[in-house]
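1. dropping a prediction and its sequence here:
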Amino acid sequence: MRLYSLSVLYKGDPKVHLLKAAYDVSTFNFFQRSSVQEFMTFTSQLITERSALGSRASVKEQEYLCHVYVRSDGLAGVVIADDEYPQRVCFTLLDKVLDEFSRQVSKMDWPSGSPATISYSALDGYLSKYQVQTFGT
């Protein structure tokens with residue numbers, strides 16, 4: 001059971017953009033890592049774009065399961081995991097991350113924010129914490 005990506009996005013008008021993301025591509029071949037990361041970023045944006053405000057969904061993409069939660073205020077989160085990772089845990093993680101993100105990052109920054117301009121550093125910690133929990137350590 002693995003988590004590969006945890007992203008926070010903003011579903012604005014007319015398009016979705018990435019605010020912050022964390023990736024664990026350590027299980028992939030060194031030469032594949034950047035393209036796998038690009039695939040995960042693209043897939044996260046596409047799934048968010050196709051999801052309605054206030055919705056949750058799980059979508060299978062190749063050998064991955066992508067869990068998306070789009071809040072009614074346009075803030076969205078996506079977890080990309082393998083298909084063995086429990087869906088309930090993914091949505092609990094998304095709830096926690098989006099609540100914390102919305103408290104720490106001003107809503108005014110969401111429409112124009114980018115990974116370079118948003119200061120929120122908890123994603124890497126959550127990704128590794130939820131990774132470790134699945135292995136019982």
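-> That came through, no problem. Numbers count the residues shown, from 1 in each chain.
2. and residue 80, how many neighbours does it have?
-> 27 (other CB atoms under 10 Å). Every residue, glycine included, has its C-beta placed from N, CA and C.
3. list phi and psi for it.
-> In terms of degrees, to the nearest 10, the main-chain angles of residue 80 are phi -110, psi 120.
4. same question, residue 46
-> phi -60, psi -40.
5. now do the contacts for it.
-> Listed by CB atoms under 8 Å, 6 or more residues apart in numbering, the contact set of residue 46 is empty.
6. do the same with residue 45
-> 9, 16-18.
7. just the closest of those to residue 111, please.
-> Residue 111 lies nearest to residue 17 out of these, by CB to CB, at 8.4 Å.
8. that's a strand at that closest one, yeah?
-> Yes. According to DSSP: H, G, I helix; E, B strand; the rest coil, residue 17 belongs to a strand.
9. now the helices for this structure?
-> 33-50, 87-104, 122-134 (DSSP state H).
10. TSV for these, including mean pLDDT and distance to residue 112?
-> Output for those, formatted as TSV (pLDDT from 0 to 100; distance: least, CB to CB, whole Å):
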stretch	mean pLDDT	distance to residue 112
helix 33-50	95	16
helix 87-104	97	16
helix 122-134	83	19
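11. out of the ones you listed, which is closest to residue 2?
-> helix 122-134 (6.9 Å).
12. okay, buried residues for that closest one please.
-> Going by neighbour count (16 or more other CB atoms under 10 Å), the buried part of helix 122-134 is 122-123, 126-127, 130-131, 134.
13. quick one, what contacts residue 97?
-> 6, 8, 77, 122-123, 126.
14. just residue 105 next, same as before
-> Neighbouring residues of residue 105 by CB under 8 Å, 6+ apart: 19, 113, 118-120.
15. and for residue 44?
-> Counting by CB under 8 Å, 6+ apart, residue 44 touches 5, 7, 9, 18, 21, 66, 68, 78, 80.
16. how far away is residue 79 from residue 112?
-> 25 Å (CB to CB, to the nearest Å).
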